[in-house]
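**Student:** Quick one, structure for this:
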Amino acid sequence: QVHVVESGGGLVQAGGSLRLSCAASGRVLNNGAMGWFRQAPGKERESVAGISWIGSTYYAESVKGRFTISRDFAKNTLSLQMNSLKLEDTAVYYCNVNGRFYNGMYYSGPDWGQGTQVTVSS
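**Tutor:** Residues are numbered from 1 along each chain as shown. Coordinates of the predicted model:
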């Protein structure tokens, strides 16, 4: 069993920054990928960023150049630095653990956190 907890969400003005954190414990695979997804009201959950066990990264086109994913393998923690936030970044952000990284894309695993709300205001 894997326990995943996100933190760091909040309210920020457009153009501002937030840093999300995720802590995973339990059966976290050493060679598993980790990533961030988000879900806005009325929309499907979408992949935002992912990182493989060797540090390869994936970003959705909508966040490239603005978001940076990083991972501490020793602590099983994941971070997402979000800069130049836009109104359309408003969503609940979910951390995903034990995913797969293949052909430059991140594929979700079975383990999710409860989500953290990010709200960007004008």
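
**Student:** all strands of this structure, in order?
**Tutor:** 2-7, 10-13, 18-26, 33-39, 46-51, 57-59, 67-72, 77-82, 91-102, 105-107, 111-112, 116-121 (DSSP state E).

**Student:** okay, these, which one's buried deepest?
**Tutor:** When the strands of the chain are scored by mean count of other C-beta atoms under 10 Å, the highest mean neighbour count falls to strand 33-39 (a mean of 25). Glycine gets a C-beta too; all of them are placed from N, C-alpha and C.

**Student:** Show me the contact partners of it.
**Tutor:** With contact meaning C-beta atoms under 8 Å, 6 or more residues apart in numbering, strand 33-39 is reached by 20, 22, 24, 45-53, 58, 69, 71, 78, 80, 89, 91-101, 106-109, 115, 118.

**Student:** Only alpha carbons, please: show stretch 52-72 as CSV.
**Tutor:** C-alpha atoms of stretch 52-72 as CSV (Å, rounded to 0.1, in the frame of the first residue of the first chain):
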residue,chain,number,x,y,z
SER,A,52,11.3,9.0,-14.5
TRP,A,53,13.5,7.2,-12.0
ILE,A,54,16.6,8.4,-14.0
GLY,A,55,15.4,12.0,-14.0
SER,A,56,13.9,12.3,-17.5
THR,A,57,11.0,14.7,-17.5
TYR,A,58,7.8,15.2,-19.3
TYR,A,59,5.7,18.4,-19.5
ALA,A,60,2.3,19.1,-21.0
GLU,A,61,2.6,21.8,-23.7
SER,A,62,0.4,24.1,-21.7
VAL,A,63,3.0,24.3,-18.9
LYS,A,64,6.3,24.0,-20.7
GLY,A,65,8.7,26.8,-19.7
ARG,A,66,6.6,27.7,-16.6
PHE,A,67,6.5,24.5,-14.5
THR,A,68,9.4,22.5,-13.2
ILE,A,69,9.1,19.0,-11.7
SER,A,70,11.7,17.6,-9.4
ARG,A,71,12.1,14.5,-7.3
ASP,A,72,14.1,13.5,-4.2
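
**Student:** From the centroid of this protein, which residue is nearest?
**Tutor:** Taking C-alpha atoms, centre = their mean as the criterion, Trp36 is the residue nearest the geometric centre of the chain, at 2.1 Å.

**Student:** Perfect, that will be all.
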